[in-house]
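Enquirer: Please work out how this folds:
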Amino acid sequence: MTIPTQWIAYVVPALLIACRMSGLLIAAPFFGETAVPARVKAALVIALTALLLPITSPVMPHRTVLDLFGDALSELIIGAFLGLAAQVVFEGAILAGEVASFQLGLSLETSIDPTTGASSTIMTTFHRLVVLYIFLEMGVHRWILLALLSSFAKLPLGTSLAALTGQQLLHFAGNLWIWGLELVMPILIATLLIDVTLAFFSKIAPQLPVMYVGIPVKQLVGYAVLVAALRFWPSLVGPQFQSAIGFFLQNAHKV
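Expert: Below is the predicted model of the structure:
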(Lines give C-alpha, C1' and ligand atoms only; values in the text may rest on other atoms or scores of the structure.)
Protein backbone atom coordinates (compact mmCIF):
# COMPACT_ATOMS: atom_id res chain seq x y z
CA MET A 1 0.00 0.00 0.00
CA THR A 2 1.51 3.33 -1.12
CA ILE A 3 1.16 6.48 0.99
CA PRO A 4 -0.41 9.47 -0.84
CA THR A 5 2.01 12.23 -1.91
CA GLN A 6 0.33 14.93 0.17
CA TRP A 7 0.73 12.78 3.28
CA ILE A 8 4.44 12.37 2.60
CA ALA A 9 4.90 16.14 2.42
CA TYR A 10 3.13 17.07 5.67
CA VAL A 11 1.74 14.27 7.81
CA VAL A 12 4.62 11.81 7.64
CA PRO A 13 7.33 14.27 8.78
CA ALA A 14 5.12 15.42 11.66
CA LEU A 15 4.50 11.81 12.67
CA LEU A 16 8.21 10.97 12.65
CA ILE A 17 9.13 14.07 14.66
CA ALA A 18 6.43 13.16 17.19
CA CYS A 19 7.83 9.62 17.44
CA ARG A 20 11.34 10.90 18.18
CA MET A 21 9.95 13.30 20.79
CA SER A 22 7.82 10.53 22.32
CA GLY A 23 10.83 8.25 22.67
CA LEU A 24 12.64 11.00 24.56
CA LEU A 25 9.71 11.73 26.86
CA ILE A 26 9.29 8.05 27.66
CA ALA A 27 12.89 7.42 28.69
CA ALA A 28 14.38 10.76 29.78
CA PRO A 29 14.64 11.85 33.41
CA PHE A 30 12.23 14.59 34.49
CA PHE A 31 10.28 14.42 31.21
CA GLY A 32 9.45 10.75 31.68
CA GLU A 33 8.53 10.89 35.38
CA THR A 34 5.14 9.54 36.35
CA ALA A 35 4.55 12.77 38.28
CA VAL A 36 4.33 14.60 34.94
CA PRO A 37 0.74 14.17 33.65
CA ALA A 38 0.28 12.39 30.34
CA ARG A 39 -1.64 15.38 28.99
CA VAL A 40 1.34 17.64 29.64
CA LYS A 41 3.63 15.21 27.81
CA ALA A 42 1.22 15.00 24.87
CA ALA A 43 0.93 18.80 24.71
CA LEU A 44 4.74 19.10 24.77
CA VAL A 45 5.07 16.59 21.92
CA ILE A 46 2.51 18.47 19.82
CA ALA A 47 4.06 21.87 20.54
CA LEU A 48 7.62 20.79 19.78
CA THR A 49 6.50 18.94 16.66
CA ALA A 50 4.82 22.11 15.41
CA LEU A 51 8.00 24.11 16.11
CA LEU A 52 10.37 21.62 14.51
CA LEU A 53 8.32 20.78 11.43
CA PRO A 54 9.14 24.01 9.51
CA ILE A 55 12.90 23.69 10.10
CA THR A 56 13.19 20.02 9.18
CA SER A 57 13.14 19.43 5.45
CA PRO A 58 13.57 15.72 4.84
CA VAL A 59 13.83 14.41 1.30
CA MET A 60 11.53 11.43 1.46
CA PRO A 61 10.63 9.23 -1.49
CA HIS A 62 7.31 7.50 -1.89
CA ARG A 63 7.13 4.76 0.68
CA THR A 64 4.73 2.10 1.88
CA VAL A 65 2.98 1.85 5.24
CA LEU A 66 5.46 -0.86 6.26
CA ASP A 67 8.36 1.49 5.50
CA LEU A 68 6.66 4.19 7.54
CA PHE A 69 6.26 1.82 10.48
CA GLY A 70 9.96 0.99 10.36
CA ASP A 71 10.89 4.68 10.23
CA ALA A 72 8.60 5.48 13.15
CA LEU A 73 10.19 2.71 15.22
CA SER A 74 13.65 4.02 14.35
CA GLU A 75 12.68 7.55 15.41
CA LEU A 76 11.28 6.21 18.68
CA ILE A 77 14.57 4.42 19.38
CA ILE A 78 16.61 7.55 18.62
CA GLY A 79 14.64 9.60 21.15
CA ALA A 80 14.69 6.83 23.75
CA PHE A 81 18.44 6.42 23.30
CA LEU A 82 19.03 10.06 24.25
CA GLY A 83 16.69 9.76 27.23
CA LEU A 84 18.32 6.57 28.48
CA ALA A 85 21.80 8.09 28.19
CA ALA A 86 20.74 10.82 30.63
CA GLN A 87 18.79 8.36 32.80
CA VAL A 88 21.95 6.34 33.45
CA VAL A 89 23.27 9.28 35.52
CA PHE A 90 20.24 8.96 37.79
CA GLU A 91 20.85 5.23 38.05
CA GLY A 92 24.35 6.00 39.35
CA ALA A 93 22.82 8.25 42.01
CA ILE A 94 20.32 5.52 42.91
CA LEU A 95 23.20 3.09 43.35
CA ALA A 96 24.91 5.60 45.65
CA GLY A 97 21.72 5.89 47.69
CA GLU A 98 21.36 2.13 48.04
CA VAL A 99 24.96 1.76 49.20
CA ALA A 100 24.56 4.65 51.65
CA SER A 101 21.38 3.06 53.04
CA PHE A 102 23.19 -0.22 53.64
CA GLN A 103 26.19 1.43 55.27
CA LEU A 104 24.06 3.54 57.62
CA GLY A 105 21.67 0.75 58.56
CA LEU A 106 18.72 2.35 56.78
CA SER A 107 17.96 -0.41 54.27
CA LEU A 108 14.57 -1.09 55.85
CA GLU A 109 13.58 2.58 56.09
CA THR A 110 11.54 3.15 52.94
CA SER A 111 9.44 5.96 51.54
CA ILE A 112 7.49 6.73 48.39
CA ASP A 113 9.55 8.53 45.77
CA PRO A 114 7.34 11.48 44.73
CA THR A 115 8.78 11.52 41.20
CA THR A 116 8.27 7.85 40.38
CA GLY A 117 5.59 6.76 42.84
CA ALA A 118 7.69 3.70 43.72
CA SER A 119 8.88 2.65 47.16
CA SER A 120 12.59 3.09 47.83
CA THR A 121 14.91 3.64 50.76
CA ILE A 122 15.06 7.11 52.27
CA MET A 123 18.66 7.66 51.19
CA THR A 124 17.90 6.51 47.65
CA THR A 125 14.99 8.94 47.39
CA PHE A 126 17.16 11.72 48.83
CA HIS A 127 19.99 11.08 46.36
CA ARG A 128 17.59 10.97 43.44
CA LEU A 129 15.83 14.20 44.43
CA VAL A 130 19.13 16.05 44.92
CA VAL A 131 20.34 14.94 41.48
CA LEU A 132 16.98 15.97 40.00
CA TYR A 133 17.36 19.40 41.60
CA ILE A 134 20.86 19.72 40.10
CA PHE A 135 19.42 18.52 36.78
CA LEU A 136 16.91 21.38 36.76
CA GLU A 137 19.21 23.98 38.32
CA MET A 138 21.91 23.43 35.68
CA GLY A 139 19.35 23.41 32.88
CA VAL A 140 20.16 19.87 31.74
CA HIS A 141 16.60 19.52 30.47
CA ARG A 142 17.42 22.28 27.99
CA TRP A 143 20.66 20.51 27.03
CA ILE A 144 18.63 17.40 26.23
CA LEU A 145 16.19 19.32 24.04
CA LEU A 146 19.08 21.01 22.22
CA ALA A 147 20.73 17.62 21.71
CA LEU A 148 17.48 16.32 20.26
CA LEU A 149 17.33 19.32 17.95
CA SER A 150 20.93 18.67 16.85
CA SER A 151 20.03 15.06 16.14
CA PHE A 152 17.80 16.15 13.26
CA ALA A 153 20.89 17.50 11.48
CA LYS A 154 22.94 14.36 12.11
CA LEU A 155 20.01 12.00 11.65
CA PRO A 156 17.44 13.43 9.22
CA LEU A 157 13.95 12.02 9.37
CA GLY A 158 13.64 8.65 7.71
CA THR A 159 17.22 7.52 8.34
CA SER A 160 18.26 4.66 10.56
CA LEU A 161 20.29 4.83 13.72
CA ALA A 162 23.49 2.85 13.58
CA ALA A 163 23.33 0.08 16.13
CA LEU A 164 25.59 0.58 19.11
CA THR A 165 27.63 -2.41 20.12
CA GLY A 166 26.93 -3.97 23.48
CA GLN A 167 30.50 -3.21 24.49
CA GLN A 168 29.98 0.54 24.00
CA LEU A 169 26.80 0.57 26.06
CA LEU A 170 28.29 -1.54 28.84
CA HIS A 171 31.42 0.60 28.97
CA PHE A 172 29.41 3.82 29.19
CA ALA A 173 26.99 2.49 31.81
CA GLY A 174 29.85 0.93 33.77
CA ASN A 175 31.67 4.25 34.00
CA LEU A 176 28.61 5.96 35.42
CA TRP A 177 28.09 3.19 37.96
CA ILE A 178 31.68 3.75 39.03
CA TRP A 179 30.77 7.42 39.36
CA GLY A 180 27.87 6.40 41.60
CA LEU A 181 30.32 4.68 43.91
CA GLU A 182 32.50 7.80 43.87
CA LEU A 183 29.46 9.83 44.91
CA VAL A 184 28.98 7.70 48.01
CA MET A 185 32.70 7.27 48.71
CA PRO A 186 32.81 9.85 51.57
CA ILE A 187 30.17 7.89 53.47
CA LEU A 188 31.96 4.61 52.74
CA ILE A 189 35.24 5.97 54.09
CA ALA A 190 33.61 7.53 57.16
CA THR A 191 31.70 4.38 58.11
CA LEU A 192 34.80 2.25 57.55
CA LEU A 193 36.80 4.43 59.93
CA ILE A 194 34.01 4.21 62.49
CA ASP A 195 33.92 0.42 62.20
CA VAL A 196 37.69 0.22 62.71
CA THR A 197 37.51 2.59 65.69
CA LEU A 198 34.66 0.69 67.32
CA ALA A 199 36.45 -2.61 66.76
CA PHE A 200 39.54 -1.16 68.43
CA PHE A 201 37.56 0.01 71.47
CA SER A 202 35.75 -3.33 71.72
CA LYS A 203 39.14 -5.01 72.06
CA ILE A 204 40.65 -2.69 74.65
CA ALA A 205 37.41 -2.24 76.60
CA PRO A 206 35.07 -5.22 76.08
CA GLN A 207 32.63 -3.84 78.66
CA LEU A 208 31.72 -0.89 76.42
CA PRO A 209 28.33 -1.29 74.66
CA VAL A 210 29.84 -0.98 71.20
CA MET A 211 27.01 -2.85 69.51
CA TYR A 212 24.44 -0.39 70.86
CA VAL A 213 26.24 2.81 69.95
CA GLY A 214 27.69 1.64 66.63
CA ILE A 215 24.68 2.25 64.36
CA PRO A 216 23.64 5.63 65.90
CA VAL A 217 27.22 6.91 65.65
CA LYS A 218 27.52 5.73 62.04
CA GLN A 219 24.23 7.40 61.13
CA LEU A 220 25.15 10.68 62.83
CA VAL A 221 28.57 10.83 61.18
CA GLY A 222 27.11 9.66 57.86
CA TYR A 223 24.54 12.46 57.85
CA ALA A 224 27.23 15.03 58.69
CA VAL A 225 29.50 13.78 55.92
CA LEU A 226 26.62 13.75 53.43
CA VAL A 227 25.64 17.34 54.25
CA ALA A 228 29.26 18.46 53.95
CA ALA A 229 29.64 16.71 50.59
CA LEU A 230 26.48 18.18 49.04
CA ARG A 231 28.26 21.39 48.06
CA PHE A 232 30.51 19.38 45.73
CA TRP A 233 27.71 17.44 44.04
CA PRO A 234 27.02 19.94 41.21
CA SER A 235 30.66 19.77 40.11
CA LEU A 236 30.40 15.96 40.10
CA VAL A 237 26.96 15.53 38.56
CA GLY A 238 27.19 18.20 35.84
CA PRO A 239 30.08 16.59 33.91
CA GLN A 240 28.27 13.25 34.00
CA PHE A 241 25.23 14.73 32.26
CA GLN A 242 27.54 16.40 29.73
CA SER A 243 29.23 13.04 29.15
CA ALA A 244 25.87 11.31 28.66
CA ILE A 245 24.64 13.83 26.10
CA GLY A 246 28.02 13.82 24.37
CA PHE A 247 27.85 10.03 24.18
CA PHE A 248 24.55 10.30 22.33
CA LEU A 249 25.79 12.94 19.88
CA GLN A 250 29.01 11.04 19.15
CA ASN A 251 27.23 7.77 18.45
CA ALA A 252 24.20 9.12 16.59
CA HIS A 253 25.06 8.82 12.92
CA LYS A 254 23.56 7.42 9.78
CA VAL A 255 24.08 3.83 8.80
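Enquirer: which residue ranges form the helices in the protein?
Expert: Secondary structure of the chain (DSSP state H): helices at 5-6, 12-27, 38-52, 65-103, 122-137, 140-154, 166-204, 210-229, 233-251.
Enquirer: Contacts only, for Y223.
Expert: L104 (Cβ atoms under 8 Å, 6 or more residues apart in numbering). For every residue, glycine as well, the C-beta is placed using N, CA and C.
Enquirer: run the last query once more with 10 Å
Expert: Neighbour list for Y223: L104, M123, I187 [criterion: Cβ atoms under 10 Å, 6 or more residues apart in numbering].
Enquirer: Confidence-wise, which of those comes last?
Expert: The lowest pLDDT within those belongs to L104, with 87.
Enquirer: which residues touch it?
Expert: Counted by Cβ under 10 Å, 6+ apart, L104 has contacts 121-123, 187, 190-191, 215, 218-223, 226.
Enquirer: Filter those down to just the buried residues.
Expert: T121, I122, M123, I187, A190, T191, K218, V221, G222, L226 (16 or more other Cβ atoms under 10 Å).
Enquirer: Determine the number of other residues adjacent to L208.
Expert: 12 (other Cβ atoms under 10 Å).
Enquirer: show me what contacts the residue nearest to it when sequence neighbours are not counted?
Expert: In space, and not counting its chain neighbours, L208 is closest to F201: 5.7 Å by Cβ to Cβ, 6 or more residues apart in numbering. Contacts for F201 (Cβ under 10 Å, 6+ apart) come out as L208, V210, V213.
Enquirer: I46: which of these is nearest?
Expert: For those, the minimum distance to I46 (Cβ to Cβ) is 59.1 Å, reached by V213.
Enquirer: which one is that closest one nearest to, not counting chain neighbours?
Expert: Using Cβ to Cβ, 6+ apart and skipping residues adjacent in sequence, the residue nearest V213 is L198, 7.8 Å away.
Enquirer: What are the neighbouring residues in contact with that neighbour?
Expert: Applying Cβ under 10 Å, 6+ apart, the residues contacting L198 are L208, V210, M211, V213, G214, V217, K218.
Enquirer: Give the phi and psi angles for the first one, as a check.
Expert: Okay, so that is L208. Backbone geometry at L208, expressed as degrees, to the nearest 10, gives phi -70, psi 140.
Enquirer: pretty sure I17 is touching A47, no?
Expert: No. Contact between I17 and A47 fails when scored by Cβ atoms under 10 Å: they sit 11.4 Å apart.
Enquirer: so F241 touches L136, yeah?
Expert: No. Between F241 and L136 there is no contact under Cβ under 10 Å: 11.4 Å.
Enquirer: tell me, what's touching the two both at once?
Expert: Residues touching both F241 and L136 (Cβ under 10 Å, 6+ apart) are P29.
Enquirer: Looking only at neighbour counts, state which of those two leads.
Expert: The neighbour count for F241 versus L136, taken as other Cβ under 10 Å, is higher for F241 (24 against 13).
Enquirer: What's the separation between the more buried one and V221?
Expert: 30 Å (Cβ to Cβ, to the nearest Å).
Enquirer: So G23 is in contact with A85, correct?
Expert: No. With contacts counted by Cβ under 10 Å, G23 stays clear of A85, the gap being 12.0 Å.
Enquirer: What residues sit buried inside stretch 201-214?
Expert: Quick answer for stretch 201-214 (16+ other Cβ under 10 Å): V210, G214.
Enquirer: Nothing else from me, thank you.
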